[in-house]
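J.: how would this look folded up:
(chains A and B)
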Amino acid sequence: MHLHDVWFVLIAVLWIGYFFLEGFDFGVGILTKALARDERERRVLINTIGPVWDGNEVWLLTAGGATFAAFPDWYATLFSGFYLALLLILVCLIIRGVAFEYRGKRDDAQWKRNWDHAIFWCSLLPAFLWGVAFGNIVHGTKIDAHMEYVGSFWDLLNAYSLLGGVVTLTLFTFHGAVFTALKTNGEIRDRARALALRVGVVAALAALAFLIWTQAHNGDNWSFAAMVVAVLGLVGALATNQVGREGWAFLLSGVTIVAAVAMLFLTLFPDVMPSSLNPAWSLTVSNASASSYTLGIMTWVAGIMTPVVLIYQGWTYWVFRRRFGVQNMPA
Amino acid sequence: MELALAHETMARWQFGITTVYHFLFVPLTISLSAFVAGLQTAWVRTGREKYFKATKFWGKLFLINMAMGVVTGIVQEFQFGMSWSNYSRFVGDIFGAPLAFEALIAFFFESTFIGLWIFGWDRLPKKLHLASIWMVAIGTTLSAYFILAANSWMQHPVGYELKNGRAQLTDFPKVLFQNTTLVVVFHTITAAFLVGGAFLIGIASYQLRKASRQAAEDREPVKIASMKTSLRLGLVVCLLAGLGTAISGDALGKVMFEQQPMKMAAAEALWDTESPAPFSVFAYGDVARGHNTVEITVPGLLSFLAKGDFTSPVPGINNTNAAEKAKFGDKAPNYEPNIPTTFWAFRWMIGFGMTSFVIAAVGLWLTRRRFWLAPEFRRAGDEVPLFMLTRTRELGPTLTKWAWRGAIWTLAFPLVACSWGWIFTEMGRQPWVVYGLMTTADAVSPGVSIGEQWTSLIVLTLLYGALAVIEVKLMVKYAKAGPTDEEPPRRNPTLGGPPAGSEDADKPFAFAY
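T.: Residues are numbered from 1 along each chain as shown, chains lettered A, B, ... in the order given. The predicted structure is shown next:
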């Protein structure tokens, strides 16, 4: 296995980690309007992710930095090509982060309402747009012989990628609802479970259609296996959620996200950004990658640091493992 | 050509606006996290309430600031790919690695432990909670190191070879530990503490002046004590950091005279090589004709700054330009940066930075507690300090008023200095993006349209502007409010907080969003 193959896998792992973790962050953000009935419930929701959202978002930054270092051309083509879509995501992530931190800093109903809108929309939009972006990466875009994206913003909004957006949006909302049910107690916990069922069914249908489309477009046996795991995971998550086994439901909705994203990367390999104009112009793990010296150093550092990060991030979840509810919100 | 020029200009404006803006929050995050960690350590070790109050007060301001630093940092991670794709392709093999390590090693560290610190007051035992803010402080400094190593490579590329039209890494330790990196890190970290020290001086002075105007019975000794400690801390740090910034700045200047003579010639508006070279205090130049029309200089000083003696020749702009033309040919129309901007940025950087240093030195003298002070003028730790000029003489009322004002205003000076410092170092490198290897004009994204570039420039500028208003208002609100009435926790919390089912399980958290 060549080092650039290793780094393809590692970048897939970073994106998987990002979607697993910030997936439920986005979901919780969406639930602040879809589930919470009053200010105190909204606070409970925001506080389920309060201590962890920032660390979760670093998975995205690391994926970005690692792509820059390991596949400079992938980084350059992707982010200059999907310029406006990425700008929209960045704007949302900026506003959303500030919203969490500043929302409680003034005792003013209008102030809080404004930040509530910000949290909802700036969770919903990226949750949708990441699906659109990955739909385009996997399906191929108009990339010319010089590795430049020559399509327009509107070219990114095609049926397949929009369906991808619906999948991430509904799947993340489901993931967030299951997470809420796991983290809270009292009435909101029951309502989160009920909502998870409704959203989960929609997510399952959308995901099934999207994954089958993906498999038909460019699948092999491995991607088929990942698809089966994703679908079984989602069915299992729905079933365990229904019988009130929230830990299992969360684990299984996580499995769904892991398997679905893994499937996208499996169908992508060995390309990293296929060209729809001419397959010879596609960016691949070999023509877009950095030198083996750089990849070697990166492998050492990632090999040592990734387990360390997982340990202390995991420990944070353990510290904040306790369920809580409206009664725990300070004045 | 017209369009290409416009594209580069806009991409540069966008990078300049987003990066200078981001760096308003960075130095404060670096220094305030360390101050909060230090103050909390003092509280955990001594149990004195004034340290608890100070920890909470500065901690709150720190978090308001850090939130902005974190979110504006997201743009930094991606905008190389967005607006500078040619640059990214050219340098990715080298520049990407420190960026990736910054995220993997430093960002994870700070963002995970900041969550533990913010929400951990009642879920972590005291010492673990204290450790988490130290982790944040270490994380922020580490992150500065990696990104400065990357920037230093743009200033002075080392440890690479050119292959297939790209720069490829051959020696990573050289990138991490070259002298440019080490000196720049020293300069940036000391500057960050200058910013933080001035921040403490400014806000603590505001609080103390407010207390000095209150009726004696309204004053709260613990809060005054916490602000007085903060003022002293700010003054001492500002003095030391100011000294460190000057020393490291001098070292950096000498490195730059070697590595980028053009930048330093431009900093001095020194058009022609002179020996000995004078330091220019003020200059008004005629760029088109390549000389200054008005100039005030200190003879020989520039030679000293560049080489350590008063006689060495220092190369001028015209000479360096000719030398670079001979070396690099027609890669760029000419090799001069924007001279007036570079010249004035350099002076404003030094001027604003050193003003705070002087104010700190004066402040330390005026607020001294014992040294050469008659006993009747000594003030206890929980009283507003007097401004003592000599053993028995206070500042008069007018001077006292201005002393308080100066102390409050100094808050902004090092921040202004930092901004100009970055503008100087980046503008002074032009027309290069990577010195000697790639021009800025060649670095932009060919695939990004003018419309897209306009959109992002406008959207980001408006967004950053709006957020600045919100942030400053919040800062002012909490800075004016002063330390809160919150009491230190009586019990040492258990790990994870009270267990489910216990009687404390339904109590409100110590903190929630």
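J.: could you measure the closest residue to B:Gly81 other than its chain neighbours against B:Glu487, distance?
T.: Leaving aside its sequence neighbours, B:Gly81 sits nearest to A:Phe79 (Cβ to Cβ, 6 or more residues apart in numbering or on different chains; 3.1 Å). Glycine gets a C-beta too; all of them are placed from N, C-alpha and C. To B:Glu487, A:Phe79 is 49 Å away according to Cβ to Cβ, to the nearest Å.
J.: Write out the residues of the stretch 151-300 of chain A neighbouring chain B.
T.: By the rule Cβ under 8 Å from any Cβ of the partner chain, the part of the stretch 151-300 of chain A lying against chain B is A:153, A:290-291, A:293-294, A:297-298.
J.: Give the ChimeraX command for selecting the buried subset of these.
T.: Those of those that count as buried under 16 or more other Cβ atoms under 10 Å in any protein chain shown are selected in ChimeraX with:
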select /A:153,290,291,294,297,298
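J.: Of the residues of the stretch 151-300 of chain A next to chain B, which belong to helices?
T.: Per DSSP state H, helices hold the following members of those: A:293-294, A:297-298.
J.: Pick out the most distant pair among those.
T.: By the measure Cβ to Cβ, A:Tyr293 and A:Met298 form the most distant pair in those, at 9.7 Å.
J.: Show me the shaky parts of chain A.
T.: Chain A contains no residues with pLDDT under 70.
J.: Can you name the residue of it nearest chain B?
T.: Nearest residue of chain A to chain B: A:Pro72, at 2.2 Å (Cβ to the nearest Cβ).
J.: And the strands in the stretch 151-300 of chain A?
T.: A:271-273, A:283-284 (DSSP state E, counting those that start in this stretch).
J.: Ignore what I typed, I meant the stretch 151-300 of chain B.
T.: Ranges of strands within the stretch 151-300 of chain B are B:160-163, B:166-169, B:279-286, B:291-298, based on DSSP E, counting those that start in this stretch.
J.: who wins for proximity to A:Ala192 among those strands?
T.: Proximity to A:Ala192 (Cβ to Cβ) singles out strand B:166-169 among the strands of the stretch 151-300 of chain B, at 48.8 Å.
J.: on that earlier part again, neighbour-wise, which of A:Phe79 and B:Glu487 wins?
T.: A:Phe79 (29 against 9; other Cβ atoms under 10 Å in any protein chain shown).
J.: can you pull the contacts of that one?
T.: By Cβ atoms under 8 Å, 6 or more residues apart in numbering or on different chains, the contact list for A:Phe79 reads A:64, A:86, B:78, B:81-82, B:85.
J.: which element is it on?
T.: According to DSSP states H and E, A:Phe79 maps onto helix A:72-81.
J.: so which strand or helix has B:Trp344?
T.: Element membership for B:Trp344, per DSSP H and E: helix B:339-366.
J.: other SSEs contacting that helix?
T.: Packing partners of helix B:339-366 (3 or more Cβ pairs under 8 Å, 6 or more residues apart in numbering or on different chains; DSSP states H and E): helix B:179-213, helix B:221-259, helix B:261-268, strand B:279-286, helix B:397-409, helix B:413-427.
J.: burial measure for A:Phe128, as a count.
T.: Neighbourhood size, A:Phe128 [other Cβ under 10 Å]: 21.
J.: which ones are touching it?
T.: Residues counted as contacts of A:Phe128 (Cβ under 8 Å, 6+ apart) are A:165-166, A:168-169.
J.: Please name the nearest non-neighbouring residue to the single nearest residue of chain B relative to chain A.
T.: Proximity of chain B to chain A (Cβ to the nearest Cβ) peaks at B:Gly92, 2.2 Å away. Excluding the flanking residues, the one nearest B:Gly92 by Cβ to Cβ, 6+ apart is A:Pro72, at 2.2 Å.
J.: Tell me the spacing between that neighbour and A:Ala290.
T.: Between A:Pro72 and A:Ala290 the distance, using Cβ to Cβ, works out to 6 Å.
J.: intersection of neighbour lists for those two?
T.: Counting by Cβ under 8 Å, 6+ apart, the contacts common to A:Pro72 and A:Ala290 are B:92-93, B:96.
J.: Counting neighbours, which of those comes out on top?
T.: B:Gly92 (33 neighbours).
J.: before we move on, which element is it in?
T.: helix B:85-101.
J.: Go through that helix and flag the buried ones.
T.: Applying 16+ other Cβ under 10 Å to helix B:85-101 flags B:85-101 as buried.
J.: on that earlier part again, okay, the strands of the stretch 151-300 of chain B, which one's buried deepest?
T.: strand B:166-169 (a mean of 21; mean count of other Cβ atoms under 10 Å in any protein chain shown).
J.: Perfect, I'm done here.
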